[in-house]
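Participant: fold the following.
(one chain, ligands or ions: 3)
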Amino acid sequence: MDFKSGIDTARLPQHVAIIMDGNGRWAKAHGKPRVFGHRNGVRSVKAVTEAAAELGIPYLTLYAFSTENWNRPSREVNALMQLLVRTIRRELRTLQDNDIRLHTIGDTSRLPVQTANSLQEAIAATRNHQRMTLTLALNYSARQEMTRAARMIAHAASEGKLDPAHLDEAAVADFLYTSTMPDPELLIRTSGEFRISNFLLWQIAYAELYFTPVMWPDFGKDQFHEAIRDYQRRERRFGKTSEQLMTH
Ligand code: IPE
Ligand code: IPE
Ligand code: MG
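Facilitator: Ligands and ions are numbered 1, 2, ... in the order given. Down below sits the predicted model:
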């Protein structure tokens with residue numbers, strides 16, 4: 001038990017995924033351009049990463065750029081990509097000092113070269129870290145991920161490397177970007193929107209969903225702790241009855 005936060009550290013979600021939303025509206029409310037919101041969103045990324053690592057949550061996955069986000073004005077897309085490069089370079093030391101491993105999901109081959117390079121450097125430099133895996137979803141969408149998996153499965157079957165009759169759920173999961181991670185047990189979305197926006201559709205089959213009106217730049221350690229406490233107040237039944245769970 002962590003008494004300061006009121007969190008039971010024996011019952012932590014092993015994987016928390018976050019749809020970081022509301023940077024643009026936060027900036028607008030402050031009379032500033034959207035990029036100002038993204039810059040302040042980076043502070044929240046830092047705060048939440050720290051909070052998750054301190055508690056002992058082994059996997060944290062952040063939705064940073066969706067395949068749909070390419071449809072934004074190119075000025076904003078460029079600013080986001082530059083911000084990503086700068087942040088990774090600036091924070092690599094912090095990841096190393098805190099034993100955090102950086103990982104990405106999504107089609108990173110489509111990212112600007114400079115962005116892809118700095119990501120690769122940071123991933124390589126942190127590959128042996130154990131305390132927590134921080135995954136950034138970049139150029140990610142769940143349908144793209146599942147289509148890619150279907151393509152790979154079909155290919156393996158056509159080459160005789162996989163028997164369609166033996167394809168089970170675990171085998172499908174092996175073809176997803178998240179094959180080395182447990183499924184998220186808690187999914188958080190900020191900014192008061194109640195949608196999933198093409199994020200981890202397969203993996204969140206049984207996740208607890210937490211929606212908060214707080215805009216991402218205002219989401220810090222306290223708000224993260226509140227989400228974890230809310231998660232711990234819930235009863236996860238997985239199809240069973242409440243009484244069945246009591247008998248354990
Ligand atoms: C989330 O904030 C950040 C990204 C999607 C990159 P938004 O930029 O979507 O902010 P709103 O939703 O327009 O307020
Ligand atoms: C979802 O946020 C994607 C990320 C957080 C990167 P959006 O702001 O792009 O989602 P929609 O378009 O409002 O659903
Ligand atoms: Mg948004």
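
Participant: low-confidence bits of this protein, can you list those?
Facilitator: Counting by pLDDT under 70, the chain shows low-confidence ranges at 248.

Participant: try 80
Facilitator: The chain contains residues with pLDDT under 80 at 247-248.

Participant: next, the contact list for the residue of the chain found nearest ligand 2, please.
Facilitator: Nearest residue of the chain to ligand 2 (Cβ to the nearest ligand atom) works out as Ser197 at 3.7 Å. For every residue, glycine as well, the C-beta is placed using N, CA and C. Going by Cβ atoms under 8 Å, 6 or more residues apart in numbering, Ser197 touches Ile19, Asp21, Tyr63, Ser66, Glu68.

Participant: contacting residues around the residue lying closest to the second one once chain neighbours are set aside?
Facilitator: For Asp21, the nearest residue in space outside its immediate sequence neighbours is Ser191; the separation is 4.0 Å by Cβ to Cβ, 6 or more residues apart in numbering. Applying Cβ under 8 Å, 6+ apart, one finds that Ser191 lies in contact with Asp21, Gly22, Arg25, Pro213, Val214, Met215, Trp216.

Participant: nearest residue to the middle of this structure?
Facilitator: Thr61 (2.1 Å; Cα atoms, centre = their mean).

Participant: that one should be in a strand, yeah?
Facilitator: Yes: Thr61: assigned to a strand according to DSSP: H, G, I helix; E, B strand; the rest coil.

Participant: so what's it bridging to?
Facilitator: For Thr61, the beta-bridge assignment (DSSP bridges) gives partners Ala17, Thr135.

Participant: got the contact list for it?
Facilitator: Neighbour list for Thr61: 15-18, 105, 134-137, 178, 181, 184, 200 [criterion: Cβ under 8 Å, 6+ apart].

Participant: and the residue of the chain closest to ligand 2, that's in a helix?
Facilitator: No: secondary structure assignment places Ser197 outside any helix; it is coil (three-state DSSP).

Participant: that one and ligand 1, how far apart?
Facilitator: 9 Å (Cβ to the nearest ligand atom, to the nearest Å).

Participant: re earlier: which of the contacts of Ser191 tops the neighbour count?
Facilitator: Highest neighbour count within the contacts of Ser191: Trp216, with 29 neighbours (other Cβ atoms under 10 Å).

Participant: my guess is it contacts Ala27. True?
Facilitator: No: with contact defined as Cβ atoms under 8 Å, Trp216 does not reach Ala27; the gap is 10.7 Å.

Participant: which residues are in contact with both of these two?
Facilitator: Taking Cβ under 8 Å, 6+ apart as the criterion, Trp216 and Ala27 both touch Gly37.

Participant: on that earlier part again, out of the contacts of Thr61, who's near ligand 2?
Facilitator: Here nothing survives when these are matched to ligand 2 using Cβ under 6 Å from any ligand atom.

Participant: list only buried entries from the residues you listed.
Facilitator: Among those, those buried by neighbour count (16 or more other Cβ atoms under 10 Å) are 15-18, 105, 134-137, 178, 181, 184, 200.
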